[in-house]
Structures are given as C-alpha cells and as structure tokens.
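# here is a sequence with its predicted model. Questions after.
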Amino acid sequence: MTSYLTVYDESAVKALCTTRANETKAWQSMALLDTQVNVQQALIDAAQFGIRYVLLGICEDIGPRANLGNKGAHQAWPAFLKRFLNQPHNQFIATQKILLLGEVNTTDLMLQSNPLSAKQPEQLTQLRELCRQLDERVEAVLSLIFKAGLEPIVIGGGHNNCLGIIRALSKHSQNPINAINLDPHADFRPCEGRHSGNGFTYAYDEQHLNNYHVIGLHELKNNQATLDAMAQANHSFTSYQAIAVRREITLSSAVTHALNNTDNYALGIEVDLDSITYMPVSAYNCSGFSVADAEHFVHLAASNRRAKYLHLCEAAPSQHPNDLDAGAEHTGQVLSALVNSYLQAKEQ
C-alpha cells in the first residue's frame, strides 16, 4: 500500500514556501510525517497528537482523458500547494491540525498514458485500464488515512478518483456511504471501462454507495441514459436550472434538503470544479455557480457531523484562456478557498 504513496518531507515543499517577518504562514503550522517510519503507525500517532485532517494530492489526468475530456488535471495539486501553504495562519483557521501527507504515486501511469489518444479505440481502452489501476492506488492510500481515524482532503486529478475514496471509506466503515456532489454532470455513465464519468456508477454497482445526490446538475449536459440510470438507482439531484434559472429553490435549501434526506451512513463531499463559472477545468463551463456558491456548498456539507472527506477534482490550470501561470494562480486561489471553507465549518 505505502508503495503507492509519496510521503513529503520538508525538501519536497521548501521551494514552494515563503516567509514574512512577524507572520506565521500555514506551512509553518502544519505537520509532516517522518519518511523513515511506518506510514500507518505514523498516521495513527499523528491522530493521537491532535492531527485531524490530511492533505493528499493526485497528479493525473488519465481519468478525464479516458472520458474524452481535456488534459491538465495533474497540475491542480501543485497550484493549490503554492497558494495554500503561504496563506497566513491565524485564529480563523486550524492549520495546526493539518498533516501534509504527500501524493498518490502516478508518475509511471502518467508516462504510459501520455502518448495515448482517446480518439483511437484501442488506446482509449488502454487509458481506461490505466484508470482502473489508479483506482487501486487511490483506495490503498485512502485506506491508510481512514484507518487512522483522519479526514482526507483530496485534491487534483479527475472525478474518477471518487471511486477509490468511496471504496476505502465504505470498507473501513463496513457500510455503503452517502455522497453529495456539486457538479453539472451526474458522472453516472455506464460501466464501460473506468473514466472520470462513471466513478459513482461503479461505486453503486459494487454496493459502496448508498444515497447519492447531485447539486447543480445541468439539465442539458446529461444524456437520457444517465438520467434514467440515476432514477433506477433511486439517486437524486437538484438541477442548476431549478436553483439558478427558474429560482424554484435556493442553493442553501437544496443542500440542506439533500442532507436531511440521507441516513446515518458516512458522508462524502464531492466538488467538481466544472461546476464553477469560468474555472480552468477539464470541461469549461460558462453557466455555473460562483466561487462563493461553491464555498457555501462546502460549508453546509462539512457542517454535517457525518462528513468524512472532501474531494476537489477536475481543475486544470493549463485550460485557462491566458496561460498556465494564470491558470495556476486562479486554481490555487479557488481550491484554497474551498479547503478553508471545509476547515472552518469543521471547527465551528
């Protein structure tokens, strides 16, 4: 399991960190693991010493490409770190309870995927097989975190990674879990080989997913087969049109209602950055929610006592209309804001 994880030490993040006189930065208050000791025991020890949250990156875009989407989701994690690590640590944020763990090992899988084109049927099959292998790695690493009683904040990569997270939490809790997802897409496509558009389908078929609700599902960005599959599985959604166009229900009411209609199983919080207007992502969206809306969604969901993780996916800095640097700055700010919302809600 630990071979699938790159544990960060100080040298891994030193180049990203800045200092300022009379100011404590987030990175100066966070913890790192000793890279020379057993990871599982070190995580258990960290929990006993007051650590509650674990930051974990996934640097891949295999899943989005296997779903016929754009490249770039592998760049989200470093963009986040550069921004988040250097924000001030103060009374409003509990960064002293955060462990910066590291990232899931994806280098070999990415190298195999780079020359592959989703336009070629045989190569598309290969991409989906690589995505399946990635599922195993994500599940293995997340299992270590849940076993230690810690809450993962998983950043980067495609929405395909929800499957590994859900599997790990379900097996740890010995029950299927519930999930609430801010996303224009249901990601409930058929089990046709793994990609970013069917993680929840596989989780449901494997009996790891119980109640699943999508907030902001776009009525015109999901095919009828997907909507039928959602209905057949007794999953639900509140559409973007119902919230933002027809104004039949507020975002707050939609989220609260969805949470009130779940049972007592563990809850996963999913945010596809495609849901945010003008965000550099794998599927660009001109008609979505604001960053403040997404922060509010995370705040409401994280305030639920059953919430066990936050997953932020699909941000792709290189898809920014200007350049990669602008995309990294944009992505870093938004991802940091969403993580801050989660932390503040948890500590209120």
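That came in fine, so what should we check first? No experiment lies behind these values; they were computed from the predicted model shown.

# please count neighbours and contacts with C-alpha atoms only from this point.
Will do.

# for this protein, where's the lowest mean pLDDT among helices and strands?
None of the helices or strands of the chain scores lower by mean pLDDT, DSSP states H and E than helix 10-13, at a mean of 91.

# I'd like the next helix or strand past it.
Later in the chain than helix 10-13, the nearest helix or strand by DSSP states H and E is helix 26-29.

# and that next one, average pLDDT?
For helix 26-29, the mean per-residue pLDDT is 96.

# if we can go back for a sec, chain center to the least confident helix or strand of the chain: distance?
On the basis of C-alpha atoms, centre = their mean, to the nearest Å, helix 10-13 sits 23 Å off its chain's mean C-alpha point.

# same question, stretch 131-140
On C-alpha atoms, centre = their mean, the centre of stretch 131-140 falls 14 Å from the chain's centre.

# and the contacts of it?
The contact list for stretch 131-140 (C-alpha atoms under 8 Å, 6 or more residues apart in numbering) reads 1-2, 4, 62-63, 66, 104-106, 109, 160-161, 163-165, 167-168, 193-195.

# and Trp77, which of the three is it?
Following DSSP: H, G, I helix; E, B strand; the rest coil, Trp77 is assigned to helix.

# so it makes contact with Ile155?
Yes. If you go by C-alpha atoms under 8 Å, Trp77 and Ile155 touch, sitting 5.9 Å apart.

# mutual contacts of the two, please.
57-58.

# please report phi then psi for the residue nearest the centre of the chain.
The centroid of the chain falls nearest to His311 when counting by C-alpha atoms, centre = their mean (2.3 Å). Main-chain torsions, His311, degrees, to the nearest 10: phi -120, psi 120.

# now do it against Asp9, distance only.
23 Å (C-alpha to C-alpha, to the nearest Å).

# for Glu129, same thing?
31 Å.

# what does Ser275 give?
Plainly put, Ser275 is 34 Å away from Asp9 if you go by C-alpha to C-alpha.

# between these two, which has more neighbouring residues?
Using other C-alpha atoms under 10 Å as the criterion, Ser275 and Asp9 rank with Ser275 on top: 31 against 16.

# mind checking pLDDT for the residue nearest to the more buried one when sequence neighbours are not counted?
Spatial nearest neighbour of Ser275, excluding adjacent residues (C-alpha to C-alpha, 6 or more residues apart in numbering): Asp183 at 5.0 Å. With respect to pLDDT, Asp183 scores 98.

# tell me the SS of Gln96?
helix.

# from Gln28, how far off is it?
Gln96 sits 9 Å away from Gln28, going by C-alpha to C-alpha.

# I'd like the distance from the longest helix seen in the chain to the chain centre, please.
Taking DSSP state H as the criterion, the chain has its longest helix at helix 121-147. The chain centre lies 15 Å from the centre of helix 121-147; the measure is C-alpha atoms, centre = their mean.
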